[in-house]
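# Sequence plus the predicted model coming up.
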Amino acid sequence: MQMSKVSKCDVTGCAYNTDNQCHAYAITIGNSGTPKCDTLCMASGKTDDTNSTAGVGACKTTSCKANKGFECTAPEITVGFQGNEADCLSFTPR
């Protein structure tokens with residue numbers, strides 16, 4: 001299975017975010033109820049590795065249509081704020 005890519009991230013305060021791109025190697029999304037970004041790291045510093053583009057390593061939001069066995073099957077996702085939470089904005093309820 002190909003890892004889903006994070007095509008855009010609007011959480012500019014995250015240490016992994018540079019120019020609206022996530023540079024963590026892989027992120028984890030949510031829990032059974034909410035699609036929050038569990039990899040979020042609010043910090044004043046930024047990662048030095050801006051060559052990599054994040055993928056979705058695991059998705060714990062089993063209520064999402066794209067979740068198959070805790071893996072994301074969407075080709076790509078976007079991350080941004082939903083209220084005060086950094087969420088997967090590509091979440092689609094079953």
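Arrived safely.

# residues touching the residue lying closest to Arg94 once chain neighbours are set aside, list them.
Nearest-residue entry for Arg94: Lys65, 5.4 Å, with adjacent residues in sequence omitted and distances by Cβ to Cβ, 6 or more residues apart in numbering. No exception for glycine: its C-beta is placed from N, CA and C like everyone else's. Neighbouring residues of Lys65 by Cβ atoms under 8 Å, 6 or more residues apart in numbering: Thr92, Pro93, Arg94.

# Where neighbours are concerned, which of the residues you listed has the most?
Thr92 (12 neighbours; other Cβ atoms under 10 Å).

# Not counting sequence-adjacent ones, nearest residue to it?
Leaving aside its sequence neighbours, Thr92 sits nearest to Lys65 (Cβ to Cβ, 6+ apart; 4.6 Å).

# mind checking how far the one you found is from Asn20?
Going from Lys65 to Asn20 by Cβ to Cβ, to the nearest Å gives 25 Å.

# cool, and Glu76?
In terms of Cβ to Cβ, Glu76 sits 14 Å off from Asn20.
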